[in-house]
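Asker: how would this look folded up:
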Amino acid sequence: MLLGDILISNARRYPDKLALVDAENKYSWKELNGRVNRLANGLIDLGMRKGDRIAIISDNCHQYVETLFASAKLGLISVCMNYRFAGEQLSRMMIITEPKAIIIRDSYQEAIESIRPELPFIDAYIGFGTTHHYEFDYESLVSGSSNGEPTVEVSEDDAYAICFSSGTTGEPKAAVISHKNRIANSNQITVAHAATRENTMLLPLALYTSATQQYLFTYAFVGATQVVINFSPEDYLEAIEKEKVDTVMINFTLYNLIKEYLSKSTREYDLSSVKLLRSAGQGLSYEQWREVIEFFHNPLVIKGLAMTEAGLATSGIPEEYKAWLSPQASPEEKRKFGSLGKPMLGVQMRVVDGNDQDVPPGEIGEFICKGDNVVKAFWNQPHITEQTLRGGWLHTGDLAMIDDDGYMYLMGRKDDRIRTGGLNVYPVEIEEVLARHPAVKEIAVFGISDEHWGEIIMAAAILREGHEVTEDELKEYCRRHVARYEVPKKFFFVEDFPRHPVWKRVQKKELAHELCGKR
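Answerer: A predicted model of the protein is given here:
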């Protein structure tokens with residue numbers, strides 16, 4: 001099966017069912033398939049051929065979704081760019097991938113214009129929005145083309161997109177994602193989440209990321225409705241109420257922004273339609289999840305591990321998480337709530353040491369996996385392909401532990417691990433302890449270099465409103481729960497952390513540089 005087949009099938013089976021909602025438009029499956037076909041045929045008229053790359057620089061909108069599907073039908077490869085990046089960063093990514101055409105929302109044309117002389121390989125600039133000045137206009141291209149199905153031979157092993165993840169060296173890793181990768185993971189998630197065409201899924205995080213695209217295709221795969229927004233608390237809550245959304249992506253940063261907005265607003269929102277909370281790229285403590293589910297009137301929760309190169313690789317069972325979150329849960333059940341579940345159907349996973357040898361249950365090592373959901377290469381980067389996919393396994397760079405029952409626990413990134421006095425310290429274990437302190441809203445533990453110890457442990461805390469705590473009190477609290485060598489040497493009290501622009505994870509290297517002048 002191919003990604004384009006999803007639209008063809010849904011347009012035939014559910015022609016009038018609502019398929020896609022964005023800030024300004026609503027399309028049925030028949031309407032969406034027609035627009036995608038017209039865009040695809042317009043791109044053919046511009047000289048685009050199978051295997052060509054087409055870059056996209058836009059925030060979330062129906063045009064982004066249409067471009068992904070049109071590229072898939074033509075055998076083109078969408079190069080998915082972070083619209084927040086400066087021109088220099090965008091230039092690096094495009095020089096790696098050499099797209100033949102580019103689709104740009106007018107809000108982001110300034111960055112492209114600043115680097116246009118560096119992009120001689122781009123033949124067609126296609127703009128949309130009211131203020132773009134490019135030769136080709138997206139809506140004119142769509143309205144002026146045939147809505148017939150393109151006749152291009154596409155294989156499930158053909159790429160449909162290149163999505164970028166950051167490498168430890170700073171070089172952007174251009175993951176080549178195939179139709180087979182996306183369809184396999186769509187099947188896996190459908191089984192794990194019990195997704196159906198009756199669902200309405202809210203996508204508030206950027207479509208240029210692999211994980212958001214995976215949910216887009218998964219819920220399209222079953223014929224569900226997709227609601228695409230650019231996150232703001234008001235738009236998020238309005239979308240849930242207006243479209244009766246039942247499945248949402250949430251993390252603690254988004255939740256805190258929603259709470260802050262509501263504290264200043266007199267408006268009330270009906271969130272009773274929400275039945276499933278999908279963890280979105282940022283870990284929450286047990287206590288934080290209790291607070292979030294109470295806010296959403298006790299829906300089910302599902303957690304897992306999603307990656308650019310593998311989509312969703314592990315997933316838990318909502319009914320298990322519900323039991324583990326119960327006030328009656330035992331300490332062991334509460335511990336299990338910290339897991340990210342087990343491998344998805346068709347995914348093999350291991351936890352290995354530095355020589356790729358399996359470590360025993362309960363020990364920490366690098367999480368590696370393989371399956372049809374895992375990419376086979378990085379574009380024009382054979383050195384990254386060889387290193388990251390050595391032995392046929394995706395080496396994620398994530399530290400993990402598998403318990404005796406087969407549940408996987410994420411322990412942070414390999415480059416987050418702190419080596420102090422010859423001992424390994426895993427920040428996530430200290431963070432879980434400190435997050436239980438009543439004054440602590442959010443905590444980040446990191447290491448900085450030290451001539452004597454190799455590295456020393458530092459911590460930064462965001463305090464709950466109206467609460468106070470001293471550094472000495474937090475150190476004493478730590479000593480009651482972790483080894484003395486794991487107690488941070490210094491605590492910083494901050495208003496916020498530097499975060500990943502999409503998933504809102506704390507960027508610890510940047511935090512260490514801001515607070516200590518070191519990375």
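
Asker: ok but residue 112 is inside a helix, no?
Answerer: Yes. Membership of residue 112 in a helix is supported by DSSP: H, G, I helix; E, B strand; the rest coil.

Asker: can you pull the contacts of it?
Answerer: 57, 87, 90, 102, 104, 125 (Cβ atoms under 8 Å, 6 or more residues apart in numbering). No exception for glycine: its C-beta is placed from N, CA and C like everyone else's.

Asker: switch to 7 Å and redo it
Answerer: Contacts for residue 112 (Cβ atoms under 7 Å, 6 or more residues apart in numbering) come out as 57, 104.

Asker: So the closest residue to residue 234 other than its chain neighbours, which state does it fall into?
Answerer: Spatial nearest neighbour of residue 234, chain neighbours left out: residue 261 (6.4 Å); criterion: Cβ to Cβ, 6 or more residues apart in numbering. Per three-state DSSP, the local secondary structure of residue 261 is helix.

Asker: Could I get the phi/psi values of the closest residue to residue 128 other than its chain neighbours?
Answerer: Nearest residue to residue 128 in three dimensions, chain neighbours excluded: residue 138, at 3.6 Å (Cβ to Cβ, 6+ apart). For residue 138, the backbone dihedrals (degrees, to the nearest 10) come out as phi -60, psi -50.

Asker: Report how many residues lie close to residue 138.
Answerer: By the criterion of other Cβ atoms under 10 Å, residue 138 has 22 neighbours.

Asker: Give me the pLDDT value at it.
Answerer: Residue 138 is assigned a predicted lDDT (pLDDT) of 98.

Asker: Now do it against residue 104, distance only.
Answerer: Remark: distance between residue 138 and residue 104 (Cβ to Cβ, to the nearest Å) = 9 Å.

Asker: before we move on, back to that, tell me the contacts of the residue nearest to residue 128?
Answerer: 63, 103, 126-128.

Asker: For the stretch 401-519 of the chain, which segments count as strands?
Answerer: Counting by DSSP state E, counting those that start in this stretch, the segments of the stretch 401-519 of the chain that form strands are 408-413, 418-420, 423-425, 440-450, 454-463, 490-493.

Asker: who wins for proximity to residue 268 among these?
Answerer: strand 440-450 (24.3 Å; Cβ to Cβ).

Asker: Which positions within the closest one qualify as buried?
Answerer: For strand 440-450, a neighbour-count test (16 or more other Cβ atoms under 10 Å) marks 440, 442-448 as buried.

Asker: got it, and stretch 477-496?
Answerer: 477-478, 482, 486-488, 491.

Asker: ok, back up a step: my read is that the residue nearest to residue 234 contacts residue 236, right?
Answerer: No. Between residue 261 and residue 236 there is no contact under Cβ atoms under 7 Å: 9.0 Å.

Asker: what about the two, which has more around it?
Answerer: Comparing residue 261 with residue 236 by other Cβ under 10 Å, the one with more neighbours is residue 236, at 25 against 15.

Asker: Check the secondary structure at the more buried one for me.
Answerer: Applying three-state DSSP: residue 236 is helix.

Asker: Once you drop chain neighbours, what's closest to it?
Answerer: Nearest one to residue 236, counting by Cβ to Cβ, 6+ apart, is residue 204 at 5.6 Å.

Asker: Also residue 409?
Answerer: residue 401 (4.8 Å).

Asker: now residue 351
Answerer: Here the residue nearest residue 351, using Cβ to Cβ, 6+ apart, is residue 365, at 4.3 Å.

Asker: Can you name the residues bridging to that neighbour?
Answerer: residue 400 (DSSP bridges).

Asker: what's around it, how many residues?
Answerer: Neighbours of residue 365 using other Cβ under 10 Å come to 21.

Asker: same thing with residue 343?
Answerer: 19.

Asker: Report pLDDT for it.
Answerer: For residue 343, the predicted pLDDT is 94.

Asker: Look up how far residue 373 lies from it.
Answerer: From residue 343 to residue 373 the distance is 10 Å (Cβ to Cβ).

Asker: Alright, that wraps it up for me.
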